[in-house]
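Student: Next input, structure requested:
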Amino acid sequence: MLQEEDKHHIRKMAVIKEKDGRPGKQPGKESQPLIIAKTPAEEQRLKLERLMRNPDKPAPIPDRPKEWNPRAPPEFVRDVMGSSAGAGSGEFHVYRHLRRREYQRQDFLDKMTEKQKMDLDYLDKVSDNQQAADVRTAKRRKKREKLKQKKLMAKKAKQDANKGEDSEKSSSSSEEDDQEREAEDDAEAPSFVMGKR
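Tutor: Modelled structure (predicted):
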């Protein structure tokens, strides 16, 4: 039985070798030539080509890098550095590393407080700008309302004036109608003839 499996494996490898020309490669996978990018633009082009070779495959989007945090100071210090005489020559390097780490931590804390202060200043500035914009908007809205009221008052005054004139016209128009009828009766002949000079 073992010999049959070996024969089957050898036949399979021979078939693969015939198709691809190289042993161990599966059929269907084409070998890609190795291209080394010489410039950043060429590297970007190669990455885009690799992405566009299979557009259905989702593109990898890396996570945002985490912000660096210093290592927290130890809660319990076992080897307290002192200025006692008899400290070994190797202690200086330990002290130097501890000092450097502590300075890094203090710089980080200073930067964080500065960043928080700038964020608060920015938020205060944004709220001040928003309040100023609200005040300006309210002022302009009030001005628009005043103009609207003024136009409405002018329109009402005009309508009232028109109503007053209409009542006067109705009484005077009856007199004018009578006068026009009399004039029409008197003037049977037209005063001018169209088309003649």
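Student: what helix or strand is residue 146 on?
Tutor: helix 91-186 (DSSP states H and E).
Student: Can you spell out which helices and strands pack onto that helix?
Tutor: Applying 3 or more CB pairs under 8 Å, 6 or more residues apart in numbering; DSSP states H and E, one finds that helix 91-186 contacts no other helix or strand. In short, each C-beta sits where N, CA and C put it, glycine included.
Student: Quick one: find the helix or strand in the protein with the lowest mean pLDDT.
Tutor: The weakest-scoring helix or strand in the chain, judged by mean pLDDT, DSSP states H and E, is helix 2-20 (a mean of 55).
Student: which residues touch the helix or strand following it?
Tutor: The C-terminal neighbour of helix 2-20 among helices and strands, as given by DSSP H and E, is helix 40-53. Residues outside helix 40-53 that contact it (CB atoms under 8 Å, 6 or more residues apart in numbering): 35, 37, 59.
Student: On the pLDDT front, check the residue nearest to the first one when sequence neighbours are not counted for me.
Tutor: So the one you mean is residue 35. In this structure, residue 35 finds its nearest non-sequential neighbour in residue 46, 6.3 Å apart by CB to CB, 6 or more residues apart in numbering. For residue 46, the model assigns a pLDDT of 90.
Student: how close does the closest residue in space to residue 108 that isn't next to it in sequence get to residue 111?
Tutor: Here the nearest residue to residue 108 in space, its sequence neighbours aside, is residue 70; by CB to CB, 6+ apart that works out to 5.0 Å. Going from residue 70 to residue 111 by CB to CB, to the nearest Å gives 11 Å.
Student: Looking at those two, which is more packed in?
Tutor: residue 70 (14 against 10; other CB atoms under 10 Å).
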